[in-house]
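Undergrad: No letters, just coordinates:
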């Protein structure tokens, strides 16, 4: 059995993609993506949170770049252990981290005018599909969609490099934004929600020493581009932050 | 439907088609105007946001498509309808073209946000005297300085400028993405990317927000305001952020710099948000008046600062001559501002002026016959902040307005600065 600390739970279609940290030595961890049998995403009910420790039986897995962390399993088993946010970030800082854009995925990050100026990498060039980084600034943007909205962020790395229009797939931030939009009983909730995120929530993030993000890559589509996604943004949102609305 | 409406709709359709085509793989044709390109799988969520962003960038329409109309397909036609609707709502710009101002219309620029940030280390006069090799009491008695603020090891021009900018945007109730232009000035920031570019990145401003750096040392802020005012009046830009930021403590620390010069300076930044109004309706708490500026080379030799080939800073500083020239010029700027504003100095609520040191400010107040309490004094406790001095003083003046400045209670403030050259500039808020 392999034990991992769940570090990232991201929205993937109707399910969740999960990444855990496997301890390599007292000072290092590596990311592992446990997958359900015969699928990429875990479906509801999925009773786990970031920081939970889980065990699973690894089964032989065929991986393709950049998702070298993929690990097929027969299911997750919760252990009694769970880490709080500070402890989890401590572990994440001992896993794959990059001080700058160049080393996030070990390859050149591409940009174009497409995708709202989001950035991408070539799947065959990337050496991994998940990496952590410290950030110095973040801004949220909500784009309307018929069924709701799309949450994007601008992220400033410690290296003074900027990631434009990064889609947020972090489950908790997506849920938080959804609850925020629901709470705003107006015809046009998105600008107000965006304002709340940037003026009220953002300062809480920037004020803590827990500013840490995990950037991930989705499965490439036909265009052979892996767009950079915000898999986890720490600190994680708290429902009490909505009380000031 | 009028011919103008139909032309606008045709323009909007064309613009949307171009934005959609940018998101399609090469060779894939743009879907029909009525076709829902997300449902049909032609474009995914990445592409959808890309289209919305591209339309926003092209038209300048904020929060484009929000809220998305019920039952509307994600099609070229729906997007074009929203473009037309938004434009007729703002009634100020044509699709894909710059703002076309009606003949005879007046463009006003108002100040809607301000903020300052000072180095977090306070150094008392006694310490300054010691480290600058001055006899005890010199910096207090000759310059009137009690302390200066200096950047700590985590602070620099960019961090101070960023902090001031964030405060200014907060006062203006504007999001960074609403800024169209950032203008920065600093005599001490000697790196590339330039300060405006660094601030652009750190503040996560929109990619299409322009950046510009202007010089002028102690007059740099006024040069920035003048440039912003001009660009706001003549282009489609709507909001400008003007930032002045100086960290003298790292540039002047060389033993070659005379102690009586080095000891005067502190570290700090200020930022101002300017907004253009082309419909004559000003909501902001202060209008930016005319700017006056110039250069009188007669006194150029009183202060010369140069970087030598060995990277050492060389400073020629004739304190008394510079003080005399600065005093005289500051008084002249007041005369100019009185003429431009049509207001006498007695009507002015506050004077935000460059402060070489507190002693010169006192002499200036005396010579210009203005009450000292109308000059929010910066240099006594923070030191001479270079280009940020008059800006920090202006922030202090605006914060002194009872209940805060509003559109119905706008203060009258004269702003004036002089710098090496001798260059000078002034403006007024009304």
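TA: The structure has been received and is ready for your questions. The model shown is predicted, which means the values in this text are computed figures rather than measured ones. Residues are numbered from 1 along each chain as shown, chains lettered A, B, ... in the order given.
Undergrad: Okay, buried residues for stretch A:152-165 please.
TA: A:152, A:153, A:154, A:155, A:156, A:157, A:161, A:162, A:163, A:164, A:165 (16 or more other C-beta atoms under 10 Å in any protein chain shown). Any C-beta I mention is one placed from the backbone N, CA and C, and that applies to glycine too.
Undergrad: Of those residues, which ones also sit close to chain B?
TA: Intersecting the buried residues of stretch A:152-165 with the contacts of chain B gives A:152, A:154, A:156, A:161, A:162, A:164, A:165 (criterion: C-beta under 8 Å from any C-beta of the partner chain).
Undergrad: Residue A:81: neighbour count?
TA: 11 (other C-beta atoms under 10 Å in any protein chain shown).
Undergrad: got it, and residue B:162?
TA: Counted with other C-beta under 10 Å, residue B:162 comes out at 24.
Undergrad: where does it land in three-state SS?
TA: With DSSP: H, G, I helix; E, B strand; the rest coil as the basis, the three-state label of residue B:162 is helix.
Undergrad: ok, now how distant is it from chain A?
TA: 8 Å (C-beta to the nearest C-beta, to the nearest Å).
Undergrad: show me what contacts the closest residue to that residue other than its chain neighbours?
TA: Closest residue to residue B:162 apart from its sequence neighbours, by C-beta to C-beta, 6 or more residues apart in numbering or on different chains: residue B:202 at 4.8 Å. Contacts for residue B:202 were tallied using C-beta atoms under 8 Å, 6 or more residues apart in numbering or on different chains; they are A:136, A:137, A:156, A:160, B:158, B:162.
Undergrad: before we move on, the earlier item: can you name the two of the ones next to chain B among the buried residues of stretch A:152-165 that sit furthest apart?
TA: Greatest spacing in these, by C-beta to C-beta: A:152 and A:161 (17.3 Å).
Undergrad: Can you name the helix or strand that residue B:351 falls in?
TA: Following DSSP states H and E, one finds residue B:351 within strand B:350-353.
Undergrad: the helices in chain A, which residues?
TA: Using DSSP state H, the helices of chain A run over residues A:85-92, A:171-183, A:189-196, A:202-206.
Undergrad: And those: which comes nearest chain B?
TA: Ranking the helices of chain A by proximity to chain B (C-beta to the nearest C-beta) places helix A:189-196 first, at 4.7 Å.
Undergrad: does the residue of the stretch 301-430 of chain B found nearest chain A sit in a helix, a strand or a coil?
TA: Residue of the stretch 301-430 of chain B nearest chain A, by C-beta to the nearest C-beta: residue B:404 (18.3 Å). Judged by three-state DSSP, the three-state class of residue B:404 is coil.
Undergrad: what's it sitting at in phi/psi?
TA: Backbone torsions of residue B:404, given as degrees, to the nearest 10, read phi 80, psi 150.
Undergrad: neighbours of it, just the number please.
TA: Neighbours of residue B:404 (other C-beta under 10 Å): 12.
Undergrad: Got phi/psi on the nearest residue to it once chain neighbours are set aside?
TA: Counting by C-beta to C-beta, 6+ apart, residue B:285 is the residue found nearest to residue B:404 once chain neighbours are left out, at 7.2 Å. When read as degrees, to the nearest 10, the backbone of residue B:285 gives phi -80, psi -10.
Undergrad: Fine by me, thanks again.
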